[in-house]
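[1] Kindly return the folded structure for what I paste below:
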Amino acid sequence: MNADTVPPVTVTTPRSVERLVQGQATSDGAGVKLTRVLTQNLQRRLDPFLMLDAFATENPGDYIGGFPDHPHRGFETVSYMLQGRLRHRDSAGHEGLAVPGGVQWMTAGRGIVHSEMPEQQDGAMEGFQLWLNLPARSKMIAPWYRDIAPAEIPEWQGEGVLARVIAGATHGVAGAMQREGTEPLYLDLHLAPGAAFEQPLPAAHNAFVYVYRGELAMAGTLVPRRRMAILANTPGSDGVTLQAGSDGARAIFIAGRPLNEPIAQVGPFVMNTQQEIFEAVQDFQAGRLG
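    Numbers count the residues shown, from 1 in each chain. This next block holds a predicted model:
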């Protein structure tokens with residue numbers, strides 16, 4: 001789309017910050033140390049998002065074990081690398097290497113077994129993994145995978161702002177991925193000191209921002225580094241406005257249309273009923289996953 005044809009973005013009734021969340025230090029895979037920002041108790045509030053993990057370390061001991069073979073069913077995983085390299089292999093025959101600025105988007109669907117292993121012995125490893133739920137009608141679709149190179153992620157530039165558009169759209173720029181059921185918006189925002197950004201958003205969509213460099217101000221609330229701001233679903237709101245602090249900021253901005261469906265989860269399986277979870281566990285134990 002020609003920039004001249006894109007109407008100017010104007011948010012007249014911005015959302016407020018409902019609350020700030022500090023992630024929980026934990027480990028996963030073969031002892032990989034990470035921060036679980038979106039935890040299971042927030043799944044209903046931030047539907048359709050099920051989990052967000054942030055990892056950032058320069059100590060190889062924190063990540064070298066990686067995530068050996070493990071199963072999934074019923075949702076999608078989105079891995080976004082800021083630093084470091086992560087190799088994906090799965091039981092459906094897919095393979096890819098996420099490099100800095102790249103994304104691995106996997107649809108587990110009816111079931112897949114995959115591994116995510118670092119391809120480095122030293123240096124920094126930093127990034128995020130987001131779990132995105134699938135609608136009930138799509139939970140048993142065939143597994144799917146896409147390795148998205150950094151150059152394949154569209155970017156929008158404004159005054160003091162760079163937005164990498166992983167999913168959804170901003171300011172007329174469509175992202176690398178689109179999903180009809182959940183309509184996810186996934187932006188990596190780079191803001192110069194004092195720069196401001198606006199994003200229209202339906203009032204019913206759930207949204208959050210995680211700051212990983214600097215700090216942001218949103219509707220009078222300061223969001224410091226390594227905090228997630230859950231945005232209020234204010235009736236009549238038409239979007240979000242944010243402004244970087246004096247040192248600038250970098251943050252991921254995530255939003256989506258809630259599914260409003262039951263969530264049943266046991267570990268790596270996310271379905272709608274306990275019976276479906278029981279069947280997933282049985283299928284995995286019998287070697288029928290992937």
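[2] Gly74 contacts Gly267, correct?
    No: counting by CB atoms under 8 Å, Gly74 does not reach Gly267; the two are 11.4 Å apart. Glycine gets a C-beta too; all of them are placed from N, C-alpha and C.
[3] Name the residue in the two with the higher neighbour count.
    Remark: of Gly74 and Gly267, Gly74 carries more neighbours, 28 against 12, as counted by other CB atoms under 10 Å.
[4] what's the pLDDT at that one?
    Reported pLDDT at Gly74 in the predicted model: 98.
[5] Next: Val9.
    According to the prediction, Val9 has pLDDT 73.
[6] and the gap between it and Leu162?
    Separation of Val9 from Leu162 (CB to CB, to the nearest Å): 15 Å.
[7] Any buried residues in the lengthiest strand in the chain, and which?
    Counting by DSSP state E, the longest strand found in the chain is strand 239-256. For strand 239-256, a neighbour-count test (16 or more other CB atoms under 10 Å) marks 239-245, 248-256 as buried.
[8] same check, this time on stretch 139-158
    Buried residues in stretch 139-158, counted by 16+ other CB under 10 Å: 139, 143, 145, 147-148, 153, 156.
[9] Show me the two of these that sit farthest apart.
    Using CB to CB, the two most remote members of the buried residues of stretch 139-158 are Lys139 and Trp156, lying 32.8 Å apart.
[10] Tell me what the residue nearest to the spatial centre of the chain is bridged to.
    The centroid of the chain falls nearest to Leu130 when counting by CA atoms, centre = their mean (3.6 Å). Beta-bridge partners of Leu130, counted by DSSP bridges, are Leu52, Val78.
[11] if I look at it, how far off is Val103?
    From Leu130 to Val103 the distance is 10 Å (CB to CB).
[12] what do these two both touch?
    Listed contacts common to Leu130 and Val103 are 78-80; contacts here mean CB atoms under 8 Å, 6 or more residues apart in numbering.
[13] My read is that the residue nearest to the centre of the chain contacts Tyr186, right?
    Yes: at 7.3 Å, Leu130 counts as touching Tyr186 under the criterion of CB under 8 Å.
[14] that older thread, kindly reformat the shared contacts of Leu130 and Val103 as TSV containing distance to Asp53, neighbour count and pLDDT.
    Shown next, in TSV, are those (distance: CB to CB, whole Å; neighbours: other CB atoms under 10 Å; pLDDT from 0 to 100):
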residue	distance to Asp53	neighbour count	pLDDT
Val78	11	22	98
Ser79	9	21	97
Tyr80	11	22	98
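[15] ok, now which ones touch Val113?
    Applying CB under 8 Å, 6+ apart, we find Val113 in contact with 69-72, 90-91, 289-290.
[16] go with 7 Å
    Applying CB atoms under 7 Å, 6 or more residues apart in numbering to Val113 gives the contacts 69-71, 90-91, 289-290.
[17] just to revisit the earlier point, what is in contact with Leu130 and Tyr186 at once?
    78, 254.
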